[in-house]
Every structure is written in C-alpha cells, then in structure tokens.
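Chemist: show me the folded form of this:
(2 chains, ligands or ions: 2)
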2 protein chains.
Amino acid sequence: MTLRYPEKPTQDEKEAFASYIYLTSRLYPCGDCATEFQALLQTFPPQTSGRRAASQWLCSVHNEVNIRLGKEVFDCAHLDENYDCGC
Amino acid sequence: MTLRYPEKPTQDEKEAFASYIYLTSRLYPCGDCATEFQALLQTFPPQTSGRRAASQWLCSVHNEVNIRLGKEVFDCAHLDENYDCGC
Ligand SMILES: Cc1cc2nc3c(=O)[nH]c(=O)nc-3n(C[C@H](O)[C@H](O)[C@H](O)COP(=O)(O)OP(=O)(O)OC[C@H]3O[C@@H](n4cnc5c(N)ncnc54)[C@H](O)[C@@H]3O)c2cc1C
Ligand SMILES: Cc1cc2nc3c(=O)[nH]c(=O)nc-3n(C[C@H](O)[C@H](O)[C@H](O)COP(=O)(O)OP(=O)(O)OC[C@H]3O[C@@H](n4cnc5c(N)ncnc54)[C@H](O)[C@@H]3O)c2cc1C
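Modeler: Ligands and ions are numbered 1, 2, ... in the order given. Presented below is the predicted three-dimensional model:
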C-alpha cells in the first residue's frame, strides 16, 4: 500500500493515510496485536511526507513485529524491486 | 476483521469501521481495484450495525469481486466456523 502512496502527497492524502493506519491499529482482528500496534505507533508515528518515507516507516514497524515474533527481518533497502501489485 | 467487529458496536465503533472501509477504497494499491471498490461501495454501503451484518456485507462484496474475476464464490453462510485469527 505504501508503495502506491503518492511521492508528493497533498495534506488530504497525508491525513487519509495516517487515519487509515490508526484505524487499522484499532480494528486489527487479533486483540493483542492491536494493543501492540497502538504502542508501536506511539513510538514510531506514521511517516506521511511521501512514498519513500511511508514505505520505509511501514517496513521498519513490520520488522519490529518480526523481531518480537522471532521471524526473519525483511530487507527494507530493496522494497520497490520486490513489490508486485498483482493486477 | 469483521469477525472481530463488536456484536453491539457504539456509534464511535460504527464510524471507525465505515471510515476504515472508505479509506481502504481510496488507498487500495491497485488503481483499477480502488475505482471498482468505490463503485461497489456506492451500490453496497458498509453495514455497520453489528458483527453479523458487517461480516455478511464484506463477504458479499468480496464475492462481487470474485464473480467479476471468475474466482470461486465464497460460502458466506459458514464464515464464523472458517475463521482463525491466527494468534
Ligand atoms: C503490531 C502487530 C503485532 C502482531 N503481533 C502478532 C503476534 O503476537 N502473533 C502473531 O502470530 N502475529 C502477530 N502479528 C501478525 C504478524 O505480523 C503476521 O502478519 C502473522 O503472524 C502472519 O504471518 P505470515 O508469515 O503469514 O505473514 P507476514 O509475516 O505478515 O508476511 C507477509 C509478507 O510480508 C513480507 N514482509 C515481512 N516483513 C516485512 C517488512 N518488514 N516489510 C515489508 N514486507 C514484509 C513477507 O516477506 C511476506 O511476503 C502482528 C501484527 C502486527 C501489525
Ligand atoms: C474492489 C476490488 C477489486 C479488485 N479487482 C481486482 C482485479 O481486477 N484484478 C485482480 O487481480 N485482483 C483484484 N482485486 C483483488 C482480488 O480480490 C484478490 O484479493 C487478489 O486477486 C488476490 O487473490 P488471492 O486468491 O490471493 O486472494 P483472495 O481471493 O483475496 O482470497 C484470500 C482469502 O480470502 C478468502 N475469500 C475469498 N472470497 C471470500 C469472501 N467472499 N469472503 C471471505 N473470504 C473470502 C479465500 O478463501 C482466501 O482464503 C480486487 C479487490 C477488490 C477489493
């Protein structure tokens, strides 16, 4: 999703993205994950200034979760190359 | 996500869910799908009155997409039994 975020977002687009993230953290279907996500967002608030900032931010937050769960850490340096929108 | 939606949501929870759906339709990373999703939401607005209404609504909207894409139609009668939150 962040890889389709505008490179130069308007104020409205920035607010839509930040709202979406905060709503996701409220509605996340695993209750513990929702609490965890909300805590992460306090430490790492959404970066909305542009596509690269947003993508790197989301990748690093996802990696915080990966680390806690003992999963493989994703290489955030090559996000764009790995991405396939699937349509 | 709808399967964890409250059975008796507050006004605030209803608005959070509806906002989340509309924001998803704006931010959906496949541009054509976003347009399609927005059109579907005009015909089938989010049902926010409770868990069952929300789950059935989302399942049926997803089936509209499945039909268009020639995918298998999901059986919305047995949603709860099939659901595993995974954590
Ligand atoms: C805040 C939060 C807390 C969570 N807590 C738990 C928990 O306690 N227990 C639990 O089981 N699940 C938890 N989850 C869900 C967990 O992150 C996984 O989504 C879930 O375990 C399913 O794992 P998966 O291997 O199927 O997919 P994922 O690990 O989500 O991977 C799906 C895809 O994302 C890619 N990917 C992985 N890391 C990154 C990254 N940093 N950036 C971009 N792409 C990446 C993978 O390569 C893969 O293709 C939490 C999620 C969040 C957001
Ligand atoms: C409005 C909209 C338009 C889209 N248009 C396109 C498009 O034009 N081209 C394209 O490639 N993709 C499109 N997509 C994405 C598409 O729906 C699939 O998500 C995508 O093709 C990936 O397919 P998949 O088989 O991996 O997963 P999905 O088909 O998303 O299935 C994932 C999981 O959901 C379950 N599932 C399937 N149907 C339902 C249902 N009705 N209720 C509950 N669970 C269900 C499946 O059993 C599976 O476990 C669109 C999505 C939306 C929301």
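
Chemist: which SSE is the residue positioned nearest the centre of chain A in?
Modeler: With distances taken as C-alpha atoms, centre = their mean, A:L58 lies nearest the centre of chain A, 2.6 Å away. In this structure, A:L58 is located in helix A:51-68 according to DSSP states H and E.

Chemist: for A:A16, same thing?
Modeler: Using DSSP H and E, the element containing A:A16 is helix A:11-27.

Chemist: thinking again about what came up before, residue contacts, the residue nearest to the centre of chain A?
Modeler: A:1-2 (C-beta atoms under 8 Å, 6 or more residues apart in numbering or on different chains). C-beta coordinates here come from the backbone N, C-alpha and C atoms, glycine included.

Chemist: again, only using 7 Å
Modeler: Going by C-beta atoms under 7 Å, 6 or more residues apart in numbering or on different chains, A:L58 touches A:T2.

Chemist: ok, now A:A34?
Modeler: A:25-26, A:28.

Chemist: repeat that with 8 Å
Modeler: Contacts of A:A34 by C-beta under 8 Å, 6+ apart are A:25-28.

Chemist: could you check how far it is from B:W57?
Modeler: Shown here: A:A34 relative to B:W57, a distance of 21 Å by C-beta to C-beta, to the nearest Å.

Chemist: go on, A:M1?
Modeler: Distance of A:M1 to B:W57, computed by C-beta to C-beta: 22 Å.

Chemist: neighbour count for those two, which is higher?
Modeler: Higher neighbour count among A:M1 and B:W57: B:W57, with 19 against 16, using other C-beta atoms under 10 Å in any protein chain shown.

Chemist: wouldn't that one be in contact with B:Q47 here?
Modeler: Yes - with contact defined as C-beta atoms under 8 Å, B:W57 reaches B:Q47; the gap is 3.7 Å.

Chemist: in stretch A:61-79, what's buried?
Modeler: Across stretch A:61-79, burial judged by 16 or more other C-beta atoms under 10 Å in any protein chain shown covers A:61, A:63-64, A:79.
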